[in-house]
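Visitor: My questions concern the predicted model and sequence given below.
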Amino acid sequence: MNDLKAIWLTAKTDDLPTSVEMLRLVKKFRNQKLLKKWGIIIAALASMALMVFTVFSYKSTMITTRIGELMAISACVILASTNIKSLKRFYDLNDCSNKEFIAFLEQTRQNQLYYYKKTQVWGMGLSSAGLLLYMYESVYRDMMLFIIIYSFSVAWILFLWLYLRPRNFKKQTIKLNKTLDKLEKISNQIK
């Protein structure tokens, strides 16, 4: 019995957060995600409204412009709908235990991976192709302008796809993993 008491008293708990800190962590995580999701939804809906306005106000002569507009609108719909769908999960995350929060974070990790590999690819693909098709009518007559605009646009799209997208995914994954590790330390300490 004394051995168990000695082990219990020598366990290092300095790096473990308190229960108040845990509640703050859950609340902060939830509020940050809700704010971000609402911002993305509003931006996607505003972009979609702008594109719909453009469809009706801009009198294009080429079908590529209309296809580009539809692709851009589709990308906005994908972005808004996926974030609207995930809002319910975050609103339901109000009062939960450590185990429930860990399960929530594990599901968030799976959703994040699916979004990165599938949804974001479709959304960015539609958006990128839509942009390139939409601009074609404005620049196809002037070869120099065409080369400049498309070079810049393709370079920007490649930058987004090859650098910014993986970098943001890696940052989000690291942040989520740190939160999960902290919570798993607490759960393991309790067991």
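Guide: Received the coordinates, thanks.

Visitor: name the helices or strands packed onto the longest helix anywhere in the chain?
Guide: Longest helix in the chain, counting residues (DSSP state H): helix 19-57. Judged by 3 or more CB pairs under 8 Å, 6 or more residues apart in numbering; DSSP states H and E, the packing partners of helix 19-57 are helix 63-92, helix 165-190. No exception for glycine: its C-beta is placed from N, CA and C like everyone else's.

Visitor: Recalculate using a threshold of 7 Å.
Guide: If you count contacts as 3 or more CB pairs under 7 Å, 6 or more residues apart in numbering; DSSP states H and E, helix 19-57 packs onto helix 63-92.

Visitor: tell me the angle the next helix or strand after the helix it packs on makes with helix 19-57.
Guide: Per DSSP states H and E, the first helix or strand lying C-terminal to helix 63-92 is helix 98-114. Angle, helix 98-114 to helix 19-57, by axes from the mean of the first three to the mean of the last three CA atoms, to 10 degrees: 30 degrees.

Visitor: Tell me which residues touch Ser138, please.
Guide: Residues counted as contacts of Ser138 (CB atoms under 7 Å, 6 or more residues apart in numbering): none.

Visitor: give me the element it is part of.
Guide: Per DSSP H and E: helix 120-139 holds Ser138.

Visitor: May I see the buried residues of that helix?
Guide: 120, 123-124, 126-137, 139 (16 or more other CB atoms under 10 Å).

Visitor: ditto for stretch 159-171
Guide: For stretch 159-171, the neighbour count (16+ other CB under 10 Å) marks Phe169 as buried.

Visitor: Rounded mean pLDDT for that stretch, please.
Guide: Averaged over stretch 159-171, pLDDT sits at 94.

Visitor: Pull up the distance across that stretch, start to finish.
Guide: 17 Å (CA to CA, to the nearest Å).

Visitor: pretty sure Lys37 is touching Leu87, no?
Guide: Yes - if you go by CB atoms under 7 Å, Lys37 and Leu87 touch, sitting 5.7 Å apart.

Visitor: Look at the two and report which has more neighbours.
Guide: Set Lys37 next to Leu87 and count neighbours by other CB atoms under 10 Å: Lys37 wins out with 18 against 14.
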